[in-house]
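Asks: Quick one: sequence plus predicted model below, questions after.
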Amino acid sequence: MKTKLLLHSIYTLLISACALSITGCGDKDEPTPPAPPEPAGPAERTVLVYMAANNNLGSSRYDRMDIDEMRQAAKAGGSRGGRLVIYHAGYNTAPTLVEILADRLDTLKVYDNENLSVSSARMAEVFSDLDEAVPARQYGLVLWSHGTGWLQDGMEEPERQRSFGLEGRHTMNVSTLAQTIEEAPFKLDFVYFDCCYMMSVETLYQMRHTAPVIAGSTTELLTTGMPYDQNIACFFTNGQADLIGAAQNTFNLYNAMSGQNSTCTMSVLSTDGLARLADAVREIYLKATPGMPEGYTPQIFSNVSVSSCHYFDLYDYIKTICKDFDGADKLWQEFEAAFNAAMLYSEATPKLWNVVPLDRCHGLSTYILTSDRSASLKNYNTLDWYTDVASVIKFKE
């Protein structure tokens, strides 16, 4: 065997030499070396989970539980060839940008603590880093933290309560959140709010240019949040992400529970329909009697008194006030058509915390102005919804 191999090798060398000499006679240029492999192109979709967890959620390790669920989903192939990345600002830890792969976590960047995770500077930095390190044809964003929707008392204001996110006593106004997302170096295909109270018409109207589809809750969510082990696959479906499927998974999880744990509202809205909806509501506000109708008990979305609540069902309220004036029926029909076109999905458990009935929940909340002074509550009058819609409300002096 060794002899045959030696003769074969000599024969191969002679043939190669002849081939080189023939090539050299026909062309005096050096042979072109093989081209280096092409760099990998952008992924079909990158999904960023922005986890502002330097708060009681992080100290209770709910962020770690959800990261474990994401790893389970990635291991099971849930990302479908896309790229799943988290910005993780855990409890008293250095924030990191991490890609979740099927077999490991890959740290892309470690951040300093110069900027808070609820600052526009840090969020913009993360978006820039994501665009550079994990390019894609499509992008999705999951916002993980505390939330209070439209309340405009965040980092730009003297009082610092929750709006989106919570870090120490600091938070981010939804107006700042919307602007920061709009200025990102990529366009989003969806936003999923894994936090409380973000499906108010004021919040979504402020966010109307950030993504074509937004999902979230009108009420509080349990601290365990959505089931990431199920929903990651929904975020990476071919074509458009399946946000309705993700919302259904979240709703079904809590609807199957009992007692106080059986509490959840979930909805999915097309932001393309918000302009028409705003027009319809403005026309009704111009003609309807303003404020809270006498004898009316609104659908509330918090376990507080009506006078302390900031979130009421928009559909139920408009249906109540759109009557007893010329053209009310036509305006109601236009509102209903606009609402149904924008609202892609809405579900609610029978009660909130097993206390507040949710039988008139339609998936979109609003704040009800009761006087001229109420427009300044939590800086409501700084919102686009107030400027474009609610500012037409006139109260009698």
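Replies: All right, it came through fine.
Asks: could you pull out the helices for the protein?
Replies: Listed in chain order, the helices found in the chain under DSSP state H are 2-26, 56-59, 62-75, 120-133, 174-182, 201-206, 228-235, 243-255, 274-287, 314-321, 328-342, 384-388.
Asks: Tell me which of these sits most buried.
Replies: Mean neighbour count (mean count of other C-beta atoms under 10 Å) peaks for helix 201-206 among the helices of the chain, with a mean of 27. The C-beta positions use only the backbone N, C-alpha and C, and glycine is treated the same way.
Asks: residues of stretch 112-120 that come out buried?
Replies: With burial defined by 16 or more other C-beta atoms under 10 Å, the residues of stretch 112-120 counted as buried are 115-120.
Asks: okay if I get these as TSV plus pLDDT?
Replies: Converted to TSV, those look like this (pLDDT from 0 to 100):
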residue	pLDDT
115	92
116	92
117	93
118	93
119	92
120	93
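Asks: so which of the helices of the chain gets nearest residue 140?
Replies: helix 228-235 (5.4 Å; C-beta to C-beta).
Asks: okay, that closest one in PDB with CA atoms only?
Replies: Extracted in PDB, the C-alpha atoms of helix 228-235 (Å, rounded to 0.1, in the frame of the first residue of the first chain):
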ATOM      1  CA  TYR A 228     -41.100  34.400  26.600                       C
ATOM      2  CA  ASP A 229     -40.600  30.700  26.000                       C
ATOM      3  CA  GLN A 230     -43.800  30.800  23.900                       C
ATOM      4  CA  ASN A 231     -43.700  34.300  22.500                       C
ATOM      5  CA  ILE A 232     -40.100  34.400  21.100                       C
ATOM      6  CA  ALA A 233     -41.200  32.200  18.200                       C
ATOM      7  CA  CYS A 234     -44.100  34.600  17.500                       C
ATOM      8  CA  PHE A 235     -41.700  37.500  17.200                       C
END
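Asks: which strands and helices sit next to that helix?
Replies: Applying 3 or more C-beta pairs under 8 Å, 6 or more residues apart in numbering; DSSP states H and E, we find helix 228-235 packed against strand 43-52, helix 62-75, strand 190-194, helix 243-255.
Asks: Could you report the neighbour count for the closest residue to residue 368 other than its chain neighbours?
Replies: Leaving aside its chain neighbours, residue 368 sits nearest to residue 312 (5.3 Å; criterion: C-beta to C-beta, 6 or more residues apart in numbering). When counting by other C-beta atoms under 10 Å, one arrives at 21 neighbours for residue 312.
Asks: Contacts only, for residue 312.
Replies: For residue 312, the contact set (C-beta atoms under 8 Å, 6 or more residues apart in numbering) comprises 298-301, 365-368.
Asks: Select from those residues the one having the most neighbours.
Replies: residue 365 (34 neighbours).
Asks: Distance of that one relative to residue 84?
Replies: 30 Å (C-beta to C-beta, to the nearest Å).
Asks: just residue 201 next, same as before
Replies: Taking C-beta to C-beta, one finds residue 201 at 31 Å from residue 84.
Asks: ok, now residue 125?
Replies: Residue 125 sits 20 Å away from residue 84 when distances are taken as C-beta to C-beta.
Asks: so how far is stretch 110-119 from its chain's centroid?
Replies: In this view, stretch 110-119 has its centroid 20 Å away from the chain centroid, taken as C-alpha atoms, centre = their mean, to the nearest Å.
Asks: Can you name the residues in contact with it?
Replies: The contact list for stretch 110-119 (C-beta under 8 Å, 6+ apart) reads 50, 52, 54, 87, 89, 94-97, 121-123, 125, 145, 154-155, 164-168, 170-172.
Asks: So among those, which ones count as buried?
Replies: Applying 16+ other C-beta under 10 Å to the contacts of stretch 110-119 flags 50, 52, 54, 87, 89, 95-97, 122-123, 125, 145, 154-155, 164-167, 170-172 as buried.
Asks: Which of the residues you listed fall in strands?
Replies: Those of the buried ones among the contacts of stretch 110-119 mapping onto strands are 50, 52, 87, 89, 96-97, 164-167, 170-172, per DSSP state E.
Asks: okay, those in a markdown table with distance to residue 391 and pLDDT next?
Replies: Below are these laid out as a markdown table (distance: C-beta to C-beta, whole Å; pLDDT from 0 to 100):
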| residue | distance to residue 391 | pLDDT |
| --- | --- | --- |
| 50 | 32 | 98 |
| 52 | 31 | 95 |
| 87 | 36 | 98 |
| 89 | 36 | 96 |
| 96 | 43 | 98 |
| 97 | 40 | 98 |
| 164 | 24 | 75 |
| 165 | 28 | 77 |
| 166 | 30 | 81 |
| 167 | 32 | 81 |
| 170 | 29 | 84 |
| 171 | 25 | 88 |
| 172 | 24 | 92 |
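Asks: Tell me the one among those residues nearest to residue 227.
Replies: Nearest member of those to residue 227, counting by C-beta to C-beta, is residue 50, at 18.4 Å.
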